[in-house]
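A.B. asks: Mind folding the following:
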Amino acid sequence: LSTTDSPVLILIKDYNQQVFGSFLSHPLHPSDAFYGTGETFLFLSHPRFKCFHWTGENSFFIKGDLDSFAIGGGSGHFGLWVDERLFLGRSSPCFTFNNCSLSETNDFTILELEAWTFG
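C.D. replies: Next up, the predicted model:
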């Protein structure tokens, strides 16, 4: 995804059949620091729809390395974190988006993951 300048839509279905994800203002790429803009947000899609937009509390939008990627942060928690195998994830409330956990449990196993670019 780092070969495009397009925003990215990430959709995840976990083993509890919940669907959630994130809209990223910038594509994923390895970075030592957070990047992105306030256009980034997290969302729940199924069984209920709800968006979690930028609170202005911090600018911890997107961060990734070869081991994982994270969206949102603050107080030691990520709004959404996914491992390098795209198999395990974690979602916790974070200051960036004032979100709830996107899955029924903070730690979840990914059944399906899709990433869409625009352009």
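A.B. asks: Stretch 82-97: how far from the chain's middle?
C.D. replies: Relative to the chain's own centre, stretch 82-97 is displaced by 6 Å; criterion: C-alpha atoms, centre = their mean, to the nearest Å.
A.B. asks: Residues contacting that stretch, please?
C.D. replies: 12, 14, 20, 41-42, 52-55, 57-61, 66-70, 72-75, 77-81, 99-103, 106-110, 113 (C-beta atoms under 8 Å, 6 or more residues apart in numbering). Where you see a C-beta, it was placed from the backbone N, CA and C, and this is true even at glycine.
A.B. asks: What are the buried residues along the longest strand seen in the chain?
C.D. replies: The longest strand of the chain (DSSP state E) is strand 107-117. The neighbour-count criterion (16 or more other C-beta atoms under 10 Å) identifies 108, 110, 115 as the buried residues of strand 107-117.
A.B. asks: helix/strand/coil for Ile71?
C.D. replies: strand (DSSP: H, G, I helix; E, B strand; the rest coil).
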